[in-house]
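[1] after the sequence you'll find the predicted model.
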Amino acid sequence: MGALFVSVITSPDNDKLKTIRKLQQKSWRGKLGLFSAEGEDLIHPGAEFILRSGIDVEPDLLDEVSTLGSGTRVIGVYKQRWADPEGDVLVYLNGVEDPGNVGAIIRSAHALADATVVLGPGCADPYSAKAVRASMGSIFKRPPASTTLDALDGQKVALDAHAGRDLGDVEFAKPVVLVMGSERGQLPEAERLERMRIPVHADSLNVAMAATVALYEVANRMAADG
């Protein structure tokens, strides 16, 4: 039986490399319904295709389509997945424009409460390269949802640095929707929106840090209440 030879990509005009370049633009990610993930820690089963440096493609060509300054050893391309906005805990984001914050919140929501992040208006694309990296794989296991705050049922608790009550004073009842806004933006208006603050010594917390603290508090309180 003869040896099996795998052809290594040597041309920048290869269709797979072209697809990866396109996926660096939000418009193309939307049209194709795909996204890319870079690095061994972010490669998951179910890829449309995977390119490995020196195995599937010339290293220099893979580095040229990488969004990492130091280049990469592997890039996978995947179909975008969107979840239904349901569960005991949801995190609703309003106007969170930094993709690193969006990805980090997806990671915290998955890790601490096995919760889904719901994207409202003005949020960064969760399938951008920076958001995918910040999620550290959680975007595969807990993909985001997208809808309006009014469409969600449950107790809605907004994190507001200027609120008069502390988060620790809240009595939680499932389902809980944690509402987060950008650091400079305003929280959405909604009926029965409880505004709470996390007491800190600094002026405020980064939105991803605040979401992590709130998720830890909610998950622990719910576990204690059974």
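    Nice, I can see it. Numbers count the residues shown, from 1 in each chain.

[2] excluding chain neighbours, what is closest to the residue most central in space within the chain?
    Central residue of the chain (C-alpha atoms, centre = their mean): G103, 3.2 Å from the mean position. In this structure, G103 finds its nearest non-sequential neighbour in A134, 2.8 Å apart by C-beta to C-beta, 6 or more residues apart in numbering. For the C-beta atoms, the positions are set from N, CA and C on the backbone; glycine is no exception.

[3] and that neighbour, what does it touch?
    Neighbour list for A134: 99-104, 106-107 [criterion: C-beta atoms under 8 Å, 6 or more residues apart in numbering].

[4] any of the residues you listed buried? List them.
    Buried members of the contacts of A134, scored by 16 or more other C-beta atoms under 10 Å, are 99-104, 106-107.

[5] circling back to that earlier point, would the residue nearest to the centre of the chain count as being in a strand?
    No. Applying DSSP: H, G, I helix; E, B strand; the rest coil, one finds G103 to be helix, outside a strand.

[6] list the contacts for it?
    Listed by C-beta under 8 Å, 6+ apart, the contact set of G103 reads 126, 130-136, 139.

[7] let's have the residues you listed in CSV, adding pLDDT and secondary structure.
    Shown next, in CSV, are the contacts of G103 (pLDDT from 0 to 100; DSSP: H, G, I helix; E, B strand; the rest coil):
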residue, pLDDT, secondary structure
P126, 98, coil
K130, 97, helix
A131, 98, helix
V132, 98, helix
R133, 96, helix
A134, 97, helix
S135, 97, helix
M136, 96, coil
I139, 97, helix
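
[8] now, the most widely separated pair of the residues you listed?
    Across the contacts of G103, the longest distance by C-beta to C-beta is 13.1 Å; it joins P126 and M136.

[9] which one of the two has more residues nearby?
    P126 (25 against 16; other C-beta atoms under 10 Å).

[10] surely the more buried one meets V102?
    Yes. Counting by C-beta atoms under 8 Å, P126 touches V102, with 5.3 Å between them.

[11] which neighbours do these two have in common?
    Shared contacts of P126 and V102, defined by C-beta under 8 Å, 6+ apart, comprise 117, 119.

[12] so E97 is in which element?
    For E97, there is no helix or strand it lies in under DSSP states H and E.

[13] show me what contacts D41?
    136-137.

[14] go on, E64?
    So E64 contacts 12, 17 (C-beta under 8 Å, 6+ apart).

[15] separation between it and L42?
    19 Å (C-beta to C-beta, to the nearest Å).

[16] repeat for V157
    For V157, the distance to L42 (C-beta to C-beta) stands at 31 Å.

[17] what does V77 give?
    Distance from V77 to L42, by C-beta to C-beta: 12 Å.

[18] save the contacts of G103 as TSV, and put in distance to T10 too.
    Below are the contacts of G103 laid out as TSV (distance: C-beta to C-beta, whole Å):
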residue	distance to T10
P126	34
K130	29
A131	31
V132	27
R133	28
A134	33
S135	33
M136	32
I139	32
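
[19] pretty sure M180 sits in a helix.
    No. Applying three-state DSSP, one finds M180 to be strand, outside a helix.

[20] how many other residues sit next to it?
    By the criterion of other C-beta under 10 Å, M180 has 24 neighbours.

[21] quick check: it touching A161?
    No. Applying C-beta under 8 Å as the test, M180 and A161 come out as separate, 11.6 Å apart.

[22] isn't L215 up against D114?
    No. At 10.1 Å, L215 does not count as touching D114 under the criterion of C-beta under 8 Å.
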